[in-house]
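Trainee: Predicted model and sequence follow; I will ask about them next.
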Amino acid sequence: MTRYLRHIIAIASAIVTQPISAQFAIEVVKESSAYKARRIPVAQYSGITHIKGSTFALVDNGSKKCGFYLMDIELNAKGDVSNVQSKGFFGETDGAKDYEGIAFNSQQNTLFVSQEADHSIREMNLDGTLTGRGITLPDSIRSAMTFNRSLEALCYDRESGLLWTATESTLSLDGEATTDTNGKPSICRLFAFDDSLKQVKWIRYQTDTPAYTKKTPKFAFGVSAITAVGKNQLLVLEREARAWTSIPTALKSKVINKVYLIN
């Protein structure tokens, strides 16, 4: 989580000096040691969004409740994480639904959480209560989604007033999904919703092809995160994850991340 924050800060700094007329990739070439925070709960953190100041909201995809953690994440002058402290979990009992993405709507002061298990998005107040509003995609789209490869990414573009989400993998109506051996790119869809939660547009997004075409016991590929960085501009994170053993505790894996700026 902290390593992700440093990378996004570095990427944002690099974008300032880059032309935005074309799609380009930024490669992180060196890993630095992560800050060891001792005051945060152990969880399967899968999404993060900035609220204000040093306050961030994080979602746990292993949670039994629909909700989020609020945390103070302090950065030093170099952009490194210097301190992390949890403010607690806020949410409602709603069953385990594989909560993946989270986005803060600064205009309405609410949070959105994507639920990959049922391909939907729920709106929440900052105290963890559900507002009663949400997004459910059409049945034709939901039925074409691959299990555990649907609504992974979520962000809010405050300059355009749009909430964005993305399918992690290829919908069955768009072609063959990427596998660990077929070498095909993922054909993902990015959906945009206005503040009334009405879908206003969607765009087709094609990832790069996988770096490997080897049979792998554990494999994940596609769009895992998106972040708004300006009006109608998004950072899209493509991820290729492989584990060469089915034993969860065995450290024999490889993850390749690519970040693209798209208009």
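Mentor: Ah, there it is.

Trainee: State the number of residues packed around L70.
Mentor: Residues near L70, counting by other Cβ atoms under 10 Å, number 18. Quick note: C-beta positions are derived from backbone N, CA and C, even for glycine.

Trainee: How about the contacts made by T213?
Mentor: Contacts for T213 (Cβ atoms under 8 Å, 6 or more residues apart in numbering) come out as D180, T181, N182, G183.

Trainee: give me the low-pLDDT residue ranges for the protein?
Mentor: 1-38, 148, 246-251 (pLDDT under 70).

Trainee: In it, which residue is most central in space?
Mentor: In the chain, the residue lying closest to the centroid (Cα atoms, centre = their mean) is A225, at 2.9 Å.

Trainee: Quick check: it touching G101?
Mentor: Yes. Between A225 and G101 there is a contact under Cβ atoms under 8 Å: 7.4 Å.

Trainee: all helices of the stretch 101-250 of the chain, in order?
Mentor: 139-142 (DSSP state H, counting those that start in this stretch).

Trainee: that older thread, overlap in contacts, A225 and G101.
Mentor: G47, E152, A153.

Trainee: What is the nearest of those residues to V255?
Mentor: E152 (14.4 Å; Cβ to Cβ).

Trainee: Show the contacting residues for that closest one.
Mentor: S46, E100, G101, S114, E116, A166, T167, E168, G222, V223, S224, A225.

Trainee: Restricted to strands, list the residues you listed.
Mentor: S46, E100, G101, S114, A166, T167, G222, V223, S224, A225 (DSSP state E).

Trainee: Export these as TSV, with columns for distance to G79.
Mentor: Listed next are these as TSV, based on distance: Cβ to Cβ, whole Å:
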residue	distance to G79
S46	23
E100	26
G101	24
S114	28
A166	26
T167	31
G222	28
V223	25
S224	22
A225	19
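
Trainee: Please identify which of those residues is nearest to R122.
Mentor: S114 (8.2 Å).

Trainee: Name the nearest residue to N76, sequence neighbours excluded.
Mentor: S82 (4.4 Å; Cβ to Cβ, 6 or more residues apart in numbering).

Trainee: How much space separates the closest residue to K64 other than its chain neighbours from C66?
Mentor: Of all residues not flanking K64 in the chain, A96 sits nearest, at 5.0 Å (Cβ to Cβ, 6+ apart). Plainly put, A96 is 9 Å away from C66 if you go by Cβ to Cβ, to the nearest Å.
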